[in-house]
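Novice: need a structure here:
(one chain, ligands or ions: 2)
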Amino acid sequence: MIGMIAKNTRVVVLTGAGISAESGIRTFRASDGLWEEHRIEDVATPQGWRANPQLVWSFYQQRRRQLLEVEPNPGHVALAELERYLDDFLLVTQNVDDLHERAGSNNLIHMHGELEKLRCEDCGHIEAMMDEEYLTDEFVACTNCGSRVRPHIVWFGEAPFQMRQIENAVHQCDLFIAIGTSGHVYPASKYLHDANMSGARTLCINLEPPENIQFFDEFFQGKSGELLPELVEQWINDSTVE
Ligand code: BV8
Ligand code: ZN
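Specialist: Residues are numbered from 1 along each chain as shown. Ligands and ions are numbered 1, 2, ... in the order given. Alright, predicted model coming up:
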C-alpha cells in the first residue's frame with residue numbers, strides 16, 4: 001500500500017478514456033465503445049480522412065458537440081489538487097477532451113491531440129474552434145489561408161505529440177501513475193515499461209485489470225472518480241503528519 005507522497009516527489013500521471021467515463025464520455029473499448037459505430041480505419045486514420053472526409057469531420061464534430069454537455073468528474077478535480085500540492089508534476093493524457101483543463105490541471109500534454117483544436121492541412125495554422133457556428137457538419141476554412149482544416153487529432157499511424165518531453169519526464173520521475181487506460185495503444189503503453197526501467201514506483205488505477213497489469217507495483221481497482229479523491233487526500237494529508 002503506497003504511503004505518503006512527499007511534496008518533492010517527481011510524479012508523472014498518464015490518463016486514458018477511463019478517467020472521463022464518469023463524465024459521460026464513452027471509452028473506446030467498453031461495450032458501448034466509441035469505435036463500434038465506426039471502424040477505426042474509417043474515422044481515426046489519415047486514410048479514412050482522405051477516403052471520406054465528411055464522415056470523419058462529422059464524427060469529430062459530434063464528439064466536439066458532446067464536450068459542451070459534459071463536466072469534469074471528481075477524478076479530474078483530484079488530479080488538479082495533486083498537481084497544486086506537488087513541486088514536480090506532469091499530466092500526460094491520451095484523451096482529446098478538455099476535462100483536465102476545465103478541472104484546473106495546468107502542466108498537461110495531450111499526446112493524441114485535442115478535440116477543441118483544428119489544424120490547417122496547408123499552412124499548419126492551429127486554432128481552437130468551439131463557437132457554435134463551427135460545430136456544424138460543414139467543413140471549416142482556415143482563417144489564415146482559407147484551405148480546409150482537419151481535426152488536430154493524432155490518428156492511428158501518426159506520431160503522437162511531444163513524445164521527447166514525455167519520455168524525459170518518465171525517465172526522471174519517482175512515481176508513475178496510469179489511470180483509466182487499457183494499455184492497448186502504443187506508444188502510450190510503453191511509458192509504463194520506461195518508468196519501471198528508470199526505477200520509478202508504478203501505480204495503476206483502473207476499473208478492470210489492464211493488459212499490462214503485471215508490470216505495475218500497485219493496482220487499485222475501481223472507478224477513478226471514486227478512488228482518486230480518497231487516494232489524493234491520503235497522499236497529501238499523510239505527508240503532513242509529522
Ligand atoms: C504510432 C485519438 C508511429 C483519436 C488515438 C500492432 C501492435 C501494437 C501497436 C500497433 C499495432 N498496429 C498499429 C500499432 C500502433 C498503433 C496502436 O497502438 N494500435 C492499437 C489499436 C494496437 N498506434 C499508433 O498508430 C500511434 N502512432 O504508433 O505512430 C510512431 C510511433 C512512435 C514515433 C513515431 C511514429 C497513434 C496512436 C494514437 C491514436 N489516436 N486517439 C481519437 O480519440 O479520436 S488513440 C485512442 O484510443 C485514445 O486516444 C486512447 O489513447 C486509445 C484508447 O485507449 P484508452 O484511453 O486506454 O481507452 P480504452 O477504452 O482502451 O480503455 C479505457 C480503460 O479505462 C479500460 O481499461 C477500462 O477498464 C477503464 N475504465 C473505464 N471506466 C473507468 C475506467 N477506469 C477507471 N474509472 C472508470 N470509471
Ligand atoms: Zn491555412
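Novice: tell me the residues of this protein that contact ligand 2?
Specialist: Within the chain, the residues that sit near ligand 2 (CB under 5 Å from the ion) are 120, 122-123, 125, 142, 144-145, 147. C-beta coordinates here come from the backbone N, C-alpha and C atoms, glycine included.
Novice: can you tell me which of the residues you listed are in helices?
Specialist: Among the residues of the chain next to ligand 2, the subset assigned to helices under DSSP state H is empty.
Novice: narrow the residues you listed to those in strands?
Specialist: For those, the ones inside strands are residue 120, with DSSP state E as the criterion.
Novice: of the residues of the chain next to ligand 2, buried ones?
Specialist: By neighbour count, with 16 or more other CB atoms under 10 Å, the residues of the chain next to ligand 2 hold 120, 142 as buried.
Novice: reformat the residues of the chain next to ligand 2 as CSV; add distance to ligand 1.
Specialist: As requested, the residues of the chain next to ligand 2 are arranged in CSV below (distance: CB to the nearest ligand atom, whole Å):
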residue, distance to ligand 1
120, 19
122, 22
123, 23
125, 20
142, 21
144, 24
145, 25
147, 22
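Novice: in the residues of the chain next to ligand 2, which has the lowest confidence score?
Specialist: Within the set of the residues of the chain next to ligand 2, pLDDT is lowest for residue 142 (91).
Novice: ok, that one to residue 64 distance?
Specialist: In this view, residue 142 and residue 64 are 17 Å apart by CB to CB, to the nearest Å.
Novice: hmm, who's touching stretch 112-119?
Specialist: For stretch 112-119, contacts defined as CB atoms under 8 Å, 6 or more residues apart in numbering pick out 60, 63-64, 67, 93-98, 125-130, 134, 140, 149-154, 160-161, 188.
Novice: could I have the buried ones of those residues as PyMOL selection syntax?
Specialist: In PyMOL, this line selects whichever of the contacts of stretch 112-119 come out buried by 16+ other CB under 10 Å:
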select buried, resi 60+63+64+67+93+94+95+96+97+98+127+140+149+150+151+152+153+154+160+188
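Novice: mind checking which of the contacts of stretch 112-119 are in helices?
Specialist: 60, 63-64, 67.
Novice: so which of these would you say is closest to residue 53?
Specialist: Distance ranking of these against residue 53, using CB to CB, places residue 60 first at 10.6 Å.
Novice: so who does the closest one touch?
Specialist: Shown in contact with residue 60 (CB under 8 Å, 6+ apart): 115, 151, 153.
Novice: quick one: it from ligand 2, how far?
Specialist: Residue 60 sits 18 Å away from ligand 2, going by CB to the ion, to the nearest Å.
Novice: find the nearest non-adjacent residue to residue 166, please.
Specialist: residue 92 (5.3 Å; CB to CB, 6 or more residues apart in numbering).
Novice: okay if I get the residues of the chain next to ligand 2 as a markdown table plus distance to residue 204?
Specialist: Formatted as a markdown table, the residues of the chain next to ligand 2 follow (distance: CB to CB, whole Å):
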| residue | distance to residue 204 |
| --- | --- |
| 120 | 38 |
| 122 | 42 |
| 123 | 41 |
| 125 | 39 |
| 142 | 41 |
| 144 | 42 |
| 145 | 45 |
| 147 | 43 |
